[in-house]
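Participant: fold the following and give me the result.
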Amino acid sequence: MTVYNLFGTLLKEKREQKNISLRELAKAVKITPTYLLYIEEGSKPPPSDKVLLKLANVLMLDSESKAIFFDIALKAKQLKNDELINLPADIALYLSDTESAKKVIREADKLGYSNEFWNEILEQLKQQ
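Facilitator: Numbering: from 1, shown residues only. Model prediction:
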């Protein structure tokens, strides 16, 4: 199974869980039903980040499902473009709207903080 198929299968599964028809979902996110069908079948890669965000909202994905949804979409886009796309859509949106988060990440990079550092930060956030 390709990553395109994996993403398409996930999208179709979430759509069917919400009892939303392919046409209804396509209309809600302003894409054609045919294009959505191709994505679900795995013959087209995931759509733009803007459409991905709309899909996640219309499907009312919970936090964990959103993370999986965006991460799988990112992997498929990396395969499509044969280049590194750095961020899942939800994180890119958050960072584009949050100047201080960008500054913190740049400073951490400059100071050479590792994944261990970010794991510690994550644990601290969960405790609050």
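Participant: and Tyr94, how far is that from Leu87?
Facilitator: Separation of Tyr94 from Leu87 (C-beta to C-beta, to the nearest Å): 9 Å. For glycine as for every other residue, the C-beta is placed from the backbone atoms N, C-alpha and C.
Participant: one more: Lys110?
Facilitator: The spacing between Lys110 and Leu87, counted by C-beta to C-beta, is 19 Å.
Participant: also Phe117?
Facilitator: From Phe117 to Leu87 the distance is 19 Å (C-beta to C-beta).
Participant: now the residue nearest the centre of the chain: closest residue in space that isn't a chain neighbour?
Facilitator: Centroid check for the chain by C-alpha atoms, centre = their mean gives Phe70 as the closest residue, at 1.6 Å. Beyond its immediate neighbours in the sequence, the residue positioned closest to Phe70 (C-beta to C-beta, 6 or more residues apart in numbering) is Pro88, lying 3.5 Å away.
Participant: which helix runs longest in this protein?
Facilitator: For the chain, the helix that runs over the most residues, judged by DSSP state H, is helix 63-81.
Participant: sorry, back to before: and the residue nearest to Phe70, what does it touch?
Facilitator: By C-beta atoms under 8 Å, 6 or more residues apart in numbering, Pro88 lies in contact with 67, 70-71, 73-74.
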